[in-house]
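**Q** Just need the structure, nothing else, for what follows:
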Amino acid sequence: MKTLTAMKARQNFGGLLEAVYHRGDRYIIERAGRPMAAVVPLDDLDEWQARRGRLFGMIDEVQKKNARVSKKTLQKEINEAVSITRQRSS
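**A** Predicted structure coming up:
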């Protein structure tokens, strides 16, 4: 991933688009040293949107399955899972 200032991106926008489209380059655009945006190939965006859709679909399924479980019970089970995972990774 390459980084460009907003000014450089504006001055070379046509070249930037060509590099993204033809070579698959990815750019972070900064303004005043802060990352503000990304320019990525459309395939990357499509893949990201599909993954995001699947993630939110899984979250919806989990919420539906646990709709009748009390918040207290859910929090207890979450805490136990986190504790087990931390023990396994250390």
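**Q** Near Y21, how many other residues are there?
**A** 11 (other C-beta atoms under 10 Å). Yep, even glycine has a C-beta here, placed from its N, CA and C like the rest.
**Q** That one is in contact with P41, isn't it?
**A** Yes. Because the distance of 6.9 Å satisfies C-beta atoms under 8 Å, Y21 is recorded as touching P41.
**Q** contacts for the biggest helix by length in the chain?
**A** Taking DSSP state H as the criterion, the chain has its longest helix at helix 42-65. For helix 42-65, the surrounding residues in contact (C-beta atoms under 8 Å, 6 or more residues apart in numbering) are R26.
**Q** list the buried ones in it?
**A** For helix 42-65, burial by neighbour count (16 or more other C-beta atoms under 10 Å) applies to no residue.
**Q** next one: it to chain centre, how far?
**A** 11 Å (C-alpha atoms, centre = their mean, to the nearest Å).
**Q** Quick one: mean pLDDT for the helix or strand just after it?
**A** Next helix or strand after helix 42-65 toward the C-terminus (DSSP states H and E): helix 71-89. For helix 71-89, the mean pLDDT works out to 94.
**Q** Now do the phi/psi pair for A32.
**A** phi 50, psi 40 (degrees, to the nearest 10).
**Q** for the one 5 residues further on, same thing?
**A** Geometry field for A37 lists phi and psi as phi -160, psi 170, criterion degrees, to the nearest 10.
**Q** what does V40 give?
**A** The phi/psi pair for V40 (degrees, to the nearest 10) reads phi -130, psi 160.
**Q** Count the residues that sit near it.
**A** 17.
**Q** and it, how far is that from E80?
**A** 39 Å (C-beta to C-beta, to the nearest Å).
**Q** Sweet, I'm off.
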